[in-house]
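> how would this look folded up:
(one chain, ligands or ions: 1)
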Amino acid sequence: MRTALVTGAGRGIGLATAKAFLGAGWRVLALDKDFGTFDAEGAVERIQFDLTALSAIPALAGSLGPIDTLVNNAGVLYCEPYEAIPEAHKREILAVNLEAPVALITALAPQMVERKGGRIVNVASVAAFTGHPDLWYGITKAGILNLTKSWATRLGPHGVLVNAVAPGPTHTEMYEQLPQSRKDMVTRSVYSGRAAKPAEVAEAILWLGTASPEYLNGTTLDCNNGSYPR
Ligand SMILES: NC(=O)c1ccc[n+]([C@@H]2O[C@H](COP(=O)([O-])OP(=O)(O)OC[C@H]3O[C@@H](n4cnc5c(N)ncnc54)[C@H](O)[C@@H]3O)[C@@H](O)[C@H]2O)c1
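Numbers count the residues shown, from 1 in each chain. Prediction:
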């Protein structure tokens, strides 16, 4: 049975992704700091871990055994004006959205290289292309696309695929916290007039994490339904 490690699997897109992998017959290591609403069942193990603990990531990764697919999904966003964002929130955004994915890739890539295979899917956002009122959030999501390409360059020659998905508006707690005016703007900007279901984004992640062609590497799959809000 192949194993996927999914971060931020406690709810939202991460929980839907964990369920998608379980449905495809995989074993899932579900990592989150909070499992309050977690309801995935089957070959799933919970890993309670706070990804801001960056220095603890190598030891954690070393304790997990072989990982076939890593999904860097956990993310944080604060609806605060740039001028007022507390330093602690900025540090948290940078750590969870950007530094933790790099730390996990750094720690898990060697065993993938050794086995000459493995897949990594990084969850970015349409904000990577458009910018975002939470500037640090947008900056980290653009960074995710850049690190996806950098790691694909490093690992591609060893048979490891590193790709990204860039979701648009998706019905999760992160989306629900947005001001109504922004939700109205983003739903007006999509072709379908609605936010995505988490399971729709999860299907794209599952495909990149299991079955997409091996030639597809270092790329970003837009899951935004035409959403480029300005
Ligand atoms: N919902 C959207 O509209 C949308 C759009 C574009 C991109 N995304 C991206 O999708 C990903 C998932 O977002 P979501 O909408 O499901 O959000 P969410 O807030 O519903 O879920 C995020 C999960 O990450 C976990 N998490 C946060 N900080 C953590 C930490 N320090 N350690 C461990 N786990 C932590 C949370 O506990 C939560 O379970 C994020 O990377 C987000 O940026 C979401």
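
> now the strands for the protein?
3-7, 27-32, 44-48, 69-72, 118-123, 160-167, 220-223 (DSSP state E).

> phi, psi of the one residue sitting closest to the centre of the chain?
Taking C-alpha atoms, centre = their mean, the centroid of the chain lies closest to Asn73, which sits 2.0 Å from it. When read as degrees, to the nearest 10, the backbone of Asn73 gives phi -110, psi -30.

> state the pLDDT value of the residue nearest to Tyr228 when sequence neighbours are not counted.
In this structure, Tyr228 finds its nearest non-sequential neighbour in Thr130, 5.6 Å apart by C-beta to C-beta, 6 or more residues apart in numbering. To be clear about C-beta, it is placed using only N, CA and C from the backbone, and glycine gets the same treatment. Looking at Thr130, its pLDDT reads 92.

> what's the neighbour count on Thr130?
18 (other C-beta atoms under 10 Å).

> verify the stated contact: it with Ser189.
No - Thr130 is not in contact with Ser189 according to C-beta atoms under 8 Å; the separation is 9.6 Å.

> before we move on, back to that, tabulate the strands of the chain in TSV, adding columns for mean pLDDT and distance to the ligand.
As requested, those are arranged in TSV below (pLDDT from 0 to 100; distance: least, C-beta to the nearest ligand atom, whole Å):
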stretch	mean pLDDT	distance to the ligand
strand 3-7	98	6
strand 27-32	98	5
strand 44-48	98	9
strand 69-72	99	8
strand 118-123	98	4
strand 160-167	98	4
strand 220-223	97	8
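
> tell me if the least confident helix or strand in the chain by mean pLDDT is near the ligand.
Ranked by mean pLDDT, DSSP states H and E, the weakest helix or strand in the chain is helix 180-189, scoring a mean of 90. No - judged by C-beta under 6 Å from any ligand atom, helix 180-189 stays clear of the ligand, getting no closer than 8.0 Å.

> buried residues in the longest helix along the chain?
For the chain, the helix that runs over the most residues, judged by DSSP state H, is helix 135-155. Going by neighbour count (16 or more other C-beta atoms under 10 Å), the buried part of helix 135-155 is 135-145, 147-149, 151-152, 155.

> what's the answer for stretch 218-230, then?
218-225, 227, 229.

> check stretch 175-183 too.
Taking 16+ other C-beta under 10 Å as the criterion, stretch 175-183 shows 175, 178 as buried.

> residues from this structure in reach of the ligand?
Residues of the chain lying close to the ligand by C-beta under 6 Å from any ligand atom are 8, 10-14, 32-34, 50-52, 73-76, 96, 123, 125, 167, 169-170, 172-175.

> could I have the ChimeraX command that selects the buried members from these?
One line in ChimeraX is enough to select the buried ones among the residues of the chain next to the ligand; burial here means 16+ other C-beta under 10 Å:
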select :8,10,11,12,13,14,32,33,50,51,52,73,74,75,76,96,123,125,167,169,170,172,174,175
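
> any idea how far Ala211 is from Val121?
According to C-beta to C-beta, to the nearest Å, Ala211 and Val121 sit 12 Å apart.

> of these two, who's got more company?
Between Ala211 and Val121, counting by other C-beta under 10 Å, Val121 is the more crowded of the two (27 against 9).

> shouldn't Asn73 be in contact with Arg11?
No - using C-beta under 8 Å as the test, Asn73 is too far from Arg11 to be in contact (10.7 Å).

> confirm for me that Glu50 is in contact with Lys33.
Just so we're on the same page, residue 50 is Asp rather than Glu. Yes - using C-beta under 8 Å, Asp50 is in contact with Lys33, at 4.3 Å.
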